[in-house]
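*Asks:* Any chance you could fold what I've pasted below:
(chains A and B)
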Amino acid sequence: MIAYHKTALDNLVIKQQVMEAGAHLLFSSTKEKELMQAYPINLYTPNLFVKIGLGVLTLLIVLAFLGLAALITNVSNPGALLLFCCGCTYAGLEVMVKNRHYNSGVDNMLMWSVLMLFCSSAMMIFSINQHPEVFGSLFIFIPALFITLRFTDSIAGVISVLSFLGCLFYGLFQVSVFQVNYIFIACIVASVFLYWLLVKLMNTQNSGYYKKVLYIAMITTLFTAYFFGNFYVVSSFYGANPAVVSRVATAGGMGSFYWVLTMLLPLLYLITGIQKKDIVFIRTGMILLIASALTFRYFFDIISVEIALLLGGLLLVTAVYLIVKYLKQNRYGFTFKEVTTPTIDVPNLEGIAVGEVFGKSSQPQQGTLFGGGSFGGAGAGSDY
Amino acid sequence: MISYTINQQLMLQIPVFEQLYRDGAIDVQELNRVKEHKKNAPVSVRSDLLFILYLGIFCVVTALGILIYKNIESIGHLAITGLIATTMAGCFWYCFNKATGFSYQKVLPVNIWFDYVLLTGCLLLLILVAYLQFQYNVFGNSYGLATFLPMVILFVAAYYFDHLGVLSLAITNLATWAGIVITPSQLLLQNDFSSYPLIYSGIALGVLLLVAAFLSVFKNIKAHFAFTYKNFGFHLLIISLLAAEMVIDKWYLLWFLLVAAVCYFQFRQAIVRRSFYFLLMTTLYIYVGLSYVLFKVLLYSSAFQYAAFNLFFLYIIISAVGLVMFLIRYNNLIKKYDSLS
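*Replies:* Modelled structure (predicted):
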């Protein structure tokens, strides 16, 4: 099923692990080099910047090919045209993979193009006018799952999870036998089930090549479980106006249930992350805590934005100060010390970031300004 | 080195090392060292905490800005100016007290708060100057002076305290003084590149920044500042030259030759310094410049009018495939170690 040579993938995992061990000074640099030579990788994975460039150029080629095909065929049958382009793109993908491209930007962009072309061609060929969300999700899910399995692509894995849940959600929504509440609960249950399933799969012996895909898909299910239980998301499906609708009565009388989920799930992720020493869980929890705070602020307008920002900012700064002080010594498996050294020059990026966020200035307007009006053009300009 | 895997579970997979041990590739001590590390090594939350600190400071500064804006009538201009000036002075006082002094080499911050306090002080300086000019018209009609003065202070602060963020602020201020918006995301959006004076200013400033980058390394004065100068300077210079190629129609071939010359020079530099970033950027810029010339010569000539669109798509496909092959070739040539400089 997997398009790549298994030895190449095995060696890739070994290389990543050896580099990781080398970064933590567990192996000498001579040993690291020795291992790299003993397990050569004949896959082509360029540097990040080159990868971005190759991705952009590949997208350009796909779009130009689509344009050229449309011009030649006069777009008599758009569905068939898209399917033809999808087939050609997929053939291109297989050729590039045979040429050892692995996460090179070219193969990634071709995979995503195949997904988009397949979905749009299927929608046109089957002339789907009713329930487009359900069929759209389904037509994304099928090729995304195939691509995930064949090319072990993490983003295709995330798309598979999202399209599967989208298909389930809109499918249940269209059946209209169920109350909206139960649809959301069903999706939360589905997310939890997927999480459980992915953890099980990750722990099996055969998951080797898919470990990263499974892990990222697992994190995706954490997000989906939260969003299907978020009060704002649920109430927006009721068309709820926070000023009018009673808060508890919103979301089909199950408002309290969703509020509990909104507030507790991020904390649960955070605590799990701390317990498991899993930084990705901790980050997920932190991001979702911000989402919960924004949800709360949206419905309960008890303090103004500036006071909320001020209190929130002060809270964050104080919390960081206390944690930094606390983690001067390693505690409970966490440290504030830098345990790894970045390979790319991060301070340089810091400079760009500061320039980007704070360095915004406007180009001075030309012409003399008198009391809010521009001079010249005899008033013909619009800038009064 | 940065973590190659995304989390603890995927990091240092013991079965992989056990396999290496069975293959005889590593010895038992090395295997045990990995196991020990996996079991006991602490997880660093440094970057996460620093990001949260940054977010916290951003929230507080934004909140204060809104508070002042909303209550400007009741607080009074003098009180606000006084507050900003006092806080700014406090920040600079802290930095002068803690700083280890000027050095031509890179100076590490004395603690994690230092960089943030300095950045806050510099931002408050910019706010103070703008406030004084807007409210009290301190600099009169000498608008240049209102940007020149903080620019000088920012450059001095950047060099004395060794802060790349402040250097970026100083460079953007320098650009503002020259009438150009240089912030990466706004470079194309905010500038009116159809204006000849702006194009010439952009070219001059771009060259100036590239010279500063060169001198930083050549004279070994804060050599680590070179990337920041070069990054701003290169993009500004090339975008200005491309704008000249498209706007100053009469001399478009001459401007293209200049684009090609600068790109070739930077390309050689990228190869020597093994910089994938500049390799990509020079390639894309020269592609844009060359494509423009080709379209101008070929597609606008009457002989090709009929097949214009077909030719356009064909050109994109063939040239992009060529460019992909070119990038792959040069990536292989310099793939050993990447760098941004």
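
*Asks:* Could you report the neighbour count for A:Asn330?
*Replies:* By the criterion of other CB atoms under 10 Å in any protein chain shown, A:Asn330 has 16 neighbours. Backbone N, C-alpha and C define where each C-beta goes, glycine included.

*Asks:* can you tell me which residues contact it?
*Replies:* A:Lys337, B:Pro42 (CB atoms under 8 Å, 6 or more residues apart in numbering or on different chains).

*Asks:* what ranges do the helices span in chain A?
*Replies:* Secondary structure of chain A by DSSP state H: the helices cover A:6-23, A:29-38, A:48-73, A:78-98, A:106-125, A:132-151, A:154-175, A:180-202, A:211-229, A:231-236, A:255-276, A:279-299, A:305-326, A:346-358.

*Asks:* Quick check: which of the ones you listed is nearest to B:Tyr315?
*Replies:* Closest to B:Tyr315 of the helices of chain A is helix A:48-73 (CB to CB; 8.4 Å).

*Asks:* How about the closest one, which residues are buried there?
*Replies:* A:49-62, A:64-70 (16 or more other CB atoms under 10 Å in any protein chain shown).

*Asks:* Any idea how far that helix is from the middle of the chain?
*Replies:* For helix A:48-73, the separation from the chain centroid amounts to 23 Å (computed by CA atoms, centre = their mean, to the nearest Å).

*Asks:* name the helices or strands packed onto that helix?
*Replies:* When contacts are defined as 3 or more CB pairs under 8 Å, 6 or more residues apart in numbering or on different chains; DSSP states H and E, helix A:48-73 packs onto helix A:78-98, helix A:106-125, helix B:276-294, helix B:308-333.

*Asks:* Can you lay out the ones you listed as CSV showing distance to B:Glu18, mean neighbour count and mean pLDDT?
*Replies:* Shown next, in CSV, are these (distance: least, CB to CB, whole Å; neighbours: other CB atoms under 10 Å in any protein chain shown; pLDDT from 0 to 100):
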stretch, distance to B:Glu18, mean neighbour count, mean pLDDT
helix A:78-98, 30, 17, 93
helix A:106-125, 31, 22, 92
helix B:276-294, 35, 20, 90
helix B:308-333, 33, 16, 85
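
*Asks:* Now render those helices as a markdown table, adding distance to A:Phe257.
*Replies:* Converted to a markdown table, the helices and strands packed on helix A:48-73 look like this (distance: least, CB to CB, whole Å):
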| stretch | distance to A:Phe257 |
| --- | --- |
| helix A:78-98 | 43 |
| helix A:106-125 | 34 |
| helix B:276-294 | 50 |
| helix B:308-333 | 53 |
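
*Asks:* For B:Ala213, which of the ones you listed is the nearest?
*Replies:* Nearest to B:Ala213 among these is helix B:276-294 (11.5 Å), distances taken as CB to CB.

*Asks:* neighbours around B:Glu73, how many?
*Replies:* Using other CB under 10 Å, B:Glu73 is surrounded by 7 other residues.

*Asks:* What count of nearby residues applies to A:Gln174?
*Replies:* If you count neighbours by other CB under 10 Å, A:Gln174 ends up with 12.

*Asks:* Count the neighbours of the residue nearest to it when sequence neighbours are not counted for me.
*Replies:* Spatial nearest neighbour of A:Gln174, chain neighbours left out: A:His131 (5.0 Å); criterion: CB to CB, 6 or more residues apart in numbering or on different chains. Neighbour count of A:His131, defined by other CB under 10 Å: 14.

*Asks:* Repeat that for A:Phe257.
*Replies:* Neighbours around A:Phe257, by other CB under 10 Å: 17.

*Asks:* again, but for B:Ala307
*Replies:* Neighbours of B:Ala307 (other CB under 10 Å): 12.

*Asks:* So which bits of the stretch 201-341 of chain B are right by chain A?
*Replies:* Within the stretch 201-341 of chain B, the positions adjacent to chain A are B:224, B:227-228, B:231-232, B:276-277, B:279-280, B:283-284, B:309-310, B:313-314, B:316-317, B:320-321, B:323-324, B:327-328, B:331, B:335, B:338-341 by CB under 8 Å from any CB of the partner chain.

*Asks:* Closest residue of the stretch 151-300 of chain A to chain B?
*Replies:* A:Val280 (4.4 Å; CB to the nearest CB).

*Asks:* Can you check what pLDDT the model gives A:Phe358?
*Replies:* A:Phe358 is assigned 58 on the pLDDT scale.

*Asks:* about what we covered before: so which of the helices and strands packed on helix A:48-73 gets nearest A:Thr284?
*Replies:* Comparison of the helices and strands packed on helix A:48-73 against A:Thr284 by CB to CB identifies helix A:106-125 as nearest, at 23.7 Å.

*Asks:* what about B:Leu210, how many residues close to it?
*Replies:* There are 21 residues near B:Leu210, going by other CB under 10 Å.

*Asks:* Spatially nearest residue to it (excluding sequence neighbours)?
*Replies:* B:Gly233 (4.1 Å).

*Asks:* Can you get me a residue count around that neighbour?
*Replies:* 22.

*Asks:* If you rank every helix and strand of the chain by mean pLDDT, what lands last?
*Replies:* The chain I'm using is chain A. Here the helix or strand of chain A ranked lowest by mean pLDDT, DSSP states H and E is strand A:369-370, holding a mean of 36.

*Asks:* Can you look at chain B instead?
*Replies:* Ranked by mean pLDDT, DSSP H and E, the helix or strand of chain B with the weakest confidence is helix B:187-190, at a mean of 63.

*Asks:* quick check, distance from the following helix or strand past that helix to the centre of its chain.
*Replies:* As assigned by DSSP states H and E, the chain's next helix or strand after helix B:187-190 is helix B:196-218. Between the centre of helix B:196-218 and the centre of its chain there are 15 Å (CA atoms, centre = their mean).

*Asks:* For helix B:196-218, name the packing helices and strands.
*Replies:* So helix B:196-218, by 3+ CB pairs under 8 Å, 6+ apart, packs with helix B:164-177, helix B:226-247.

*Asks:* Format these as CSV; extra columns: mean pLDDT.
*Replies:* Compiled in CSV, these are given as follows (pLDDT from 0 to 100):
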stretch, mean pLDDT
helix B:164-177, 88
helix B:226-247, 90
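
*Asks:* So is stretch B:38-49 next to chain A?
*Replies:* Yes - with CB under 8 Å from any CB as the measure, stretch B:38-49 is seen reaching chain A through B:Ala41, B:Pro42, B:Val43, B:Ser44, B:Val45, B:Arg46, B:Asp48, B:Leu49.

*Asks:* Filter the residues you listed down to just the ones in helices.
*Replies:* Checking the residues of stretch B:38-49 next to chain A against DSSP H, those in helices are B:Arg46, B:Asp48, B:Leu49.
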